[in-house]
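Peer 1: Let's see this in three dimensions:
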Amino acid sequence: QVRLVESGGGLVQAGGSLRLSCATSGRTFNTYAVGWFRQAPGKERDFVAAITPSGSTTYYADSVKGRFTISRDNAKNTVYLQMNSLKPEDTAVYYCAARNSDNYYYYSHTYDYAYWGQGTQVTVSS
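Peer 2: Residues are numbered from 1 along each chain as shown. Sure thing, here's the model as predicted:
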């Protein structure tokens, strides 16, 4: 069982930045691919970014490419989502998710992931 805990959400003005963290107590975190998703009220949960177990490869939704950066520190069992140039349409609950994976793979669908965090709210004011 992998327990994921997100943190770092909050209220920020448009153009501002936030860094989300996804921490786990799992001792083999470097064998898990991780993704970030977000869900706005009344909408489906959408893919944001993903990273392979070693961190060597990342993948982004077009809507955040160039503004968001996913990274990981396996020694700290933590994955980060640096969000810059935030827009009001980025407002959502952000979730991290994980699944056991070979090193070369990342995943961009909710059904790909076995473990989910509880989510952290990000609100961007105009």
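Peer 1: Every contact and neighbour count from this point should use C-alpha atoms.
Peer 2: Noted.
Peer 1: Next, the distance between the ends of stretch 105-123.
Peer 2: Using Cα to Cα, to the nearest Å, the span of stretch 105-123 from its first residue to its last is 31 Å.
Peer 1: can you give me the helices in the protein?
Peer 2: Ranges of helices in the chain, per DSSP state H: none exist.
Peer 1: Residue ranges in the protein under the pLDDT threshold?
Peer 2: Filtered on pLDDT under 70, the chain yields the residue ranges 26-27.
Peer 1: middle-most residue in it, spatially?
Peer 2: Within the chain, one residue has its C-alpha closest to the average C-alpha position: by Cα atoms, centre = their mean, that is residue 36, at 2.5 Å.
Peer 1: if I pick that one, what's in contact with it?
Peer 2: With contact set as Cα atoms under 8 Å, 6 or more residues apart in numbering, residue 36 has these partners: 47, 48, 49, 50, 81, 94, 95, 96, 97.
Peer 1: which residues does the third one form a beta bridge with?
Peer 2: It stands for residue 49. The partner list for residue 49 in beta bridges (DSSP bridges) reads residue 36, residue 60.
Peer 1: what are the ranges of the strands in the chain?
Peer 2: For the chain, applying DSSP state E gives strands covering 4-7, 10-13, 18-24, 32-39, 45-51, 58-60, 68-73, 78-83, 92-100, 115-116, 120-125.
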